[in-house]
Structure formats: structure tokens, C-alpha cells
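Student: have a look at this prediction, sequence included:
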Amino acid sequence: MTRLDWIKARLNDNNMDYKLVQDVCYEDYCEKFGTIELKSFADTVKRAYNTMARQIKNDVDEDFDIEQNIKLEKNLQKRADLTTYLRRNNRNEYRLLNYTESLYEELIEKLDNVKFDIPTIKEVKIPKESKSAILCLSDLHFGTLIHPYENCIGYDFTIISKRLKKYITIAIKTMKANDVGTVYLVNLGDVISLSHRSDEKLGTVSAQTNCMLVAVTILEQIIAELCKEFKVIVTGIVGNESRLEQEHFEYHKMNLENNGDRLILTMLKHILDGKIKNLSFIIPSNPMKHLLEIPINNEKEIYRVLIAHGNMIKSLKDGCEQIYTNEYTDKNIKVDTLLIGHYHHLGILSNGRVVLCGTTMEGNVYANALGLVGKAFQNLIIVNNDHTYWNLPINLSDVSEIKDEYKFDKELENCAYNRITDVSVVDIKISYN
């Protein structure tokens, strides 16, 4: 058998898929006929294929094999479809890799220049009979700039800082008056605003990095202030700004670590963990939801609070919590309360089982689009020993009297806005820096 006949036989064996023959038959060829360069072998296979294809095309006698020709065309199309799929899939993976590498490189570089003033705090002794409280941080949207209009003062880092200062000041007074000893500081998602398009993220790495550093600086001061009075447990889940879906974190941990909510929680843990005795962190294994088990009644019982962003709920009505709680119901685990954000709106559903938490933004596009009142609120929830809770929404709209807001690097602010929103009576426009 000649070399050409051998190659033609392999083409026939593999349904005329010449690329498959190029890939898998090279070593067998070299063993039988002697070593040649891979490129020369590939060219020989392609020429043999072209010769055979022409013969099939021009053969009009009774022996013309229509079925073989269909197989050939089918295999060629399959190969083209697979190549297109792989190219598209790899493109998204490469974008993710490039974005993540750039983000981490910039964070590492800038972290060296950011000073976190961690105060020395004495350990707080918590009486067993004390209550627990949940301080919700819902939809803070660091990095969004809303220009002032009509009766709205706008939204920027200074306003966020003042509103959070007002929130924590009122919350501390309220918790001390109600014998709270342990505070769960819970992020309900969308700490920062991000571009949703993978092809835009690389161009906004600098703004995202600066935004995260401003957010971490402010949140670090909040945690330190709370730790002076209470035992503090910090945790949180991710919001829809990260565009992280359920299937992502199951197969690709990089998707989990490149979104702002998760990264900020991880940074806070890295900076503060072990520095303050009465402070601890919970990093949920499931970034979409987490079940808090809060000891009550002198630690004899457990009050279970499920935290989630809320974007899986498509209609706000009684029973809507089941999309989150069914998993636990099937395991005979009782969920006492579901806390969600996302809607930028306050509310109670399902006879108190669901609490909708607010946002620090006011006059925001999302609430306007839903026809909801977009006022600035955050929720303080005090858990009682009889399996009930007090939901205390704190109005943060007016910050004119707040003079000592949380400090942050003003130089970072100039290049830290990921989203600029211009709102008018007639039109709503969103643009990305």
C-alpha cells in the first residue's frame, strides 16, 4: 500500500474528516512510513481529501454514494459549529481572565497606598440573656453618581458616607436601649455598581478598584464603631449587579471571586480578622443565599434567618419566599424569616416571614421604573427571645445635620464612579465610565 492509499483509507475510516485524520493518525503514519514533519503530513492529508472530494463530486455513475457525500457535508458542518462554539466560549473565558488579572493587579498596587486605621478595641463581654440584632446593608450601590434634581439631593460617596453614619448612630442607640449584645452586620447584595457587559469590564477596572477601596474604607470604620459596643458577626451574599448566576459558582470559582460583593467581604476579612477580639466573619459557601442561625432564649433555641438578594423573586406577593425556602422545607428545617433587598423598597410579606429592605439611594432609576417610592432607608431588625422580631426601618433621606461622616480618600473618589445617572422628568439615561 502506498502512502497516499494509506491516507485515503484513513479518510474513509473517519467519514472523510480530514482534520480528525490530521490530529490522530500522524503517529501511526510515522511508525509505518518514517518520520516527517507534522505540517507536511497535514498538507498531504488535505491534498488527499481534496482529490477524493473532487472524485465524489464528479462521479456520476451508478456507484456514486450519496449517503457518503451527505456524511461528508454533515461532518464538515459539525466541525464548523463546534469551532464556532469553542471560539465564543473561550472568548468569554479570556475576558474573565483578563478582567480578573487586571483587577487583582490594580488592587494589590493600590492597597499598598491605602491606610486602614484599625483602633485598639477592648473585648466586649456579652450577657447570655442579651438579644441579637441584624443590621442590614442593602443595595448601597457604591460607585453610582446621581446628579441632584428636583427634591433629590443626588447620590455620591459623601452622601453614602453621611447616610451610613446616620444609620449606625441611630442603630447603636436603639440596640443599646433594647439590650442587644450581638450584632449581625449583613450585606444583602449590590454593595457596588458594576458594568454588566463582560466586554466593558476591562475598561472600567480602575474605577471599580477605586470604588471597592472607598467602600472597604467606609465599611471598616462601621465595623470598628460597632465592635466598641457589641459582639459583631459580618457576613453577606451577592446581588444581581455581579450578574452571578447559580450555575456559575458550581463550576468556576473565578466567577465567584471577581464580583464586587464577594471581593469586598473577603477584603474586610483579610484586613480585620484577628485584629479585633469580638469580631468574626462568615463567608457563605453559597454566595446566593445563607441561613443565619441566631441563638435566642439564653442560647437554648435557634432563630433562623435566610438572607438573599431577592432577584429570584419575580412577583412580590405572599408565598413568594418559597423559591428560596423550599430547599430547607424539604429538609425539615424551619426558616423563621427571609430578608431580601433588590427592590429598593420597604415591605412585609407572608405575615411577616418576608422583610423587604431598603437602599441608601434616593430617586434611583430602578425604584422609579417599578413605580415604587425610592426613599433612602436601611433596616435594623431586633430578634426577640419568643421567636418574634422588631423591624425598624431607619429613614436616611435627610443628612443635613450629619457633620462627622466616615472618612475616605477624596483622591480615589474622582475616578471611582462606575455608573453616572442623569434623571429628569422626561427621560432616564444611564451611562458607564
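Tutor: Perfect, thanks for sending it.

Student: helices of this protein, start to end?
Tutor: With DSSP state H as the criterion, the chain has helices at 3-13, 18-24, 26-33, 38-58, 66-111, 157-177, 198-201, 205-227, 246-251, 253-257, 260-272, 322-329, 365-370, 410-413.

Student: among those helices, which comes closest to Asp190?
Tutor: helix 260-272 (7.0 Å; C-beta to C-beta). (Each C-beta comes from the backbone N, C-alpha and C, glycine too.)

Student: got any ranges where the stretch 301-433 of the chain has weak pLDDT?
Tutor: For the stretch 301-433 of the chain, the stretches flagged by pLDDT under 70 are 363-374, 419-433.

Student: redo that, cut-off 50
Tutor: Along the stretch 301-433 of the chain, segments meeting pLDDT under 50 span 423-433.

Student: hmm, back to that, just the helices of the chain: most buried one?
Tutor: Highest mean neighbour count among the helices of the chain (mean count of other C-beta atoms under 10 Å): helix 205-227, with a mean of 22.

Student: returning to what we had before: can I get the helices of the chain in JSON lines with distance to Tyr343?
Tutor: Converted to JSON lines, the helices of the chain look like this (distance: least, C-beta to C-beta, whole Å):
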{"stretch": "helix 3-13", "distance to Tyr343": "61"}
{"stretch": "helix 18-24", "distance to Tyr343": "52"}
{"stretch": "helix 26-33", "distance to Tyr343": "60"}
{"stretch": "helix 38-58", "distance to Tyr343": "58"}
{"stretch": "helix 66-111", "distance to Tyr343": "29"}
{"stretch": "helix 157-177", "distance to Tyr343": "18"}
{"stretch": "helix 198-201", "distance to Tyr343": "25"}
{"stretch": "helix 205-227", "distance to Tyr343": "21"}
{"stretch": "helix 246-251", "distance to Tyr343": "20"}
{"stretch": "helix 253-257", "distance to Tyr343": "24"}
{"stretch": "helix 260-272", "distance to Tyr343": "17"}
{"stretch": "helix 322-329", "distance to Tyr343": "14"}
{"stretch": "helix 365-370", "distance to Tyr343": "7"}
{"stretch": "helix 410-413", "distance to Tyr343": "28"}
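
Student: which one of these lies nearest to Ser130?
Tutor: helix 157-177 (9.8 Å).

Student: return the distance of the closest one from the chain's centre.
Tutor: Distance of helix 157-177 from its chain centroid, counting by C-alpha atoms, centre = their mean, to the nearest Å, is 26 Å.

Student: what of stretch 141-149?
Tutor: Mean C-alpha position of stretch 141-149 versus that of the full chain (C-alpha atoms, centre = their mean) differs by 21 Å.

Student: quick one: end-to-end distance for that stretch.
Tutor: Counting by C-alpha to C-alpha, to the nearest Å, you get 19 Å between the two ends of stretch 141-149.

Student: over to stretch 31-38?
Tutor: 13 Å.

Student: what residues does that stretch touch?
Tutor: 3, 6, 26, 29-30 (C-beta atoms under 8 Å, 6 or more residues apart in numbering).

Student: in CSV, list those residues along with pLDDT and distance to Leu20.
Tutor: CSV is the format used below for the contacts of stretch 31-38 (pLDDT from 0 to 100; distance: C-beta to C-beta, whole Å):
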residue, pLDDT, distance to Leu20
Arg3, 89, 18
Trp6, 90, 16
Tyr26, 87, 11
Tyr29, 89, 14
Cys30, 87, 17
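
Student: going by distance to Asp318, which of those residues wins?
Tutor: Ranked by distance to Asp318 (C-beta to C-beta), the contacts of stretch 31-38 are led by Tyr26 at 66.3 Å.

Student: domains in this protein, by residue range?
Tutor: 3-64, 98-432 (automatic domain parsing).

Student: relative to Ile271, how far out is Asn391?
Tutor: 31 Å (C-beta to C-beta, to the nearest Å).

Student: for Asp409, that is, sorry about that
Tutor: 15 Å.

Student: also Lys300?
Tutor: Where Ile271 is concerned, Lys300 sits at a distance of 35 Å (C-beta to C-beta).

Student: Leu135 is in contact with Val186, isn't it?
Tutor: Yes: in this structure, Leu135 is within contact of Val186 by C-beta atoms under 8 Å, at 6.8 Å.

Student: mind listing what Pro127 touches?
Tutor: Counting by C-beta under 8 Å, 6+ apart, Pro127 has contacts 179, 181.

Student: run the last query once more with 7 Å
Tutor: Neighbouring residues of Pro127 by C-beta atoms under 7 Å, 6 or more residues apart in numbering: Gly181.

Student: what's the pLDDT at Tyr49?
Tutor: We have a pLDDT of 90 for Tyr49.

Student: does it really touch Arg10, like I thought?
Tutor: No: counting by C-beta atoms under 7 Å, Arg10 is not a contact partner of Tyr49; they are 10.3 Å apart.

Student: need the contacts of stretch 31-38 in CSV (columns: distance to Asp398).
Tutor: Shown next, in CSV, are those (distance: C-beta to C-beta, whole Å):
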residue, distance to Asp398
Arg3, 87
Trp6, 86
Tyr26, 75
Tyr29, 81
Cys30, 81
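
Student: nearest to Gln208, of those residues?
Tutor: Tyr26 (46.5 Å).

Student: next one: the closest one from Arg10, what distance?
Tutor: Separation of Tyr26 from Arg10 (C-beta to C-beta) stands at 10 Å.
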